[in-house]
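> Here is my input, please return the structure:
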Amino acid sequence: RNGTAATQLSAVGGGVATSWYPGDLNQGGTPTSIAVSGGIVYIGGSFQAIGGGTRTGLAASPANATGGLTSWNPQTTEGVRAVAANGSAVYAGGTFSGVNAVDRQSLMALDLLTGDALPFAHTFDDGVHTITVCGDTVYVGGVFFNVDGQPRLDAAAFDRNTGALLPWDKVFTGDELAAW
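Down below sits the predicted model:
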């Protein structure tokens, strides 16, 4: 298996490979993040093809025993480092500058069903490495100093419904940085 696989952790001995497999990634392709929502596995990474289908940076596969690809196919300009899925959106972060010919830099939300870009979009001065959605808040971590021109050191929070940058401005020090 080239790039993606699933294991059944509950099996005796643990780590037994399941039959889920969305297909080989193209040469040099790397998955960097996976999120699951509604029986679909969303894969983000640095790739141009997976499972014989053209997929640039993002792909989706049914979380059943057969894998394969869904028709969800947003095309990013560069790599996706982080994905999270919640409600009706998939959040993607990375080094991209667009998706489906729509200008989107660093952080965006995509429609969970169609892959279309949603209004939620933000620009960071450097890389987004992780995304977590908790309730109505989207938390983002990475290596950055500014978000949409506002000072934020390595972490930021957004209102999931309005997309607004929240005043939460956690400054991490010492051992806390190991979480990123």
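
> Surely A89 and D111 touch.
Yes. Using C-beta atoms under 8 Å, A89 is in contact with D111, at 6.8 Å. For glycine as for every other residue, the C-beta is placed from the backbone atoms N, C-alpha and C.

> The two: who's more crowded?
Remark: of A89 and D111, A89 carries more neighbours, 19 against 14, as counted by other C-beta atoms under 10 Å.

> For the more buried one, list each beta-bridge partner.
A89 has these beta-bridge partners by DSSP bridges: N86, D111.

> list the contacts for it?
In this structure, A89 makes contact with 109-112, 118, 120, 160, judged by C-beta atoms under 8 Å, 6 or more residues apart in numbering.

> And the pLDDT at it?
Looking at A89, its pLDDT is 96.

> can you check A17 too?
Reading off the confidence values, A17 has pLDDT 55.

> spatially speaking, which residue is in the middle of the chain?
In the chain, the C-alpha nearest the mean C-alpha coordinate belongs to V83, at 1.5 Å (C-alpha atoms, centre = their mean).

> right, and that residue touches I131 too?
Yes. Using C-beta under 8 Å, V83 is in contact with I131, at 6.9 Å.

> Give the residues shared as contacts by these two.
Jointly contacting V83 and I131 under the rule C-beta under 8 Å, 6+ apart are 91-93.

> Which of the residues you listed sits closest to G38?
Here the nearest of the shared contacts of V83 and I131 to G38, counting by C-beta to C-beta, is Y91; it sits at 15.0 Å.

> mind listing what the closest residue to S61 other than its chain neighbours touches?
Ranked by C-beta to C-beta, 6 or more residues apart in numbering and with sequence neighbours excluded, the top spatial neighbour of S61 is P22, at 3.7 Å. By C-beta under 8 Å, 6+ apart, P22 lies in contact with 4, 41, 43, 50-51, 59, 61, 67-69.
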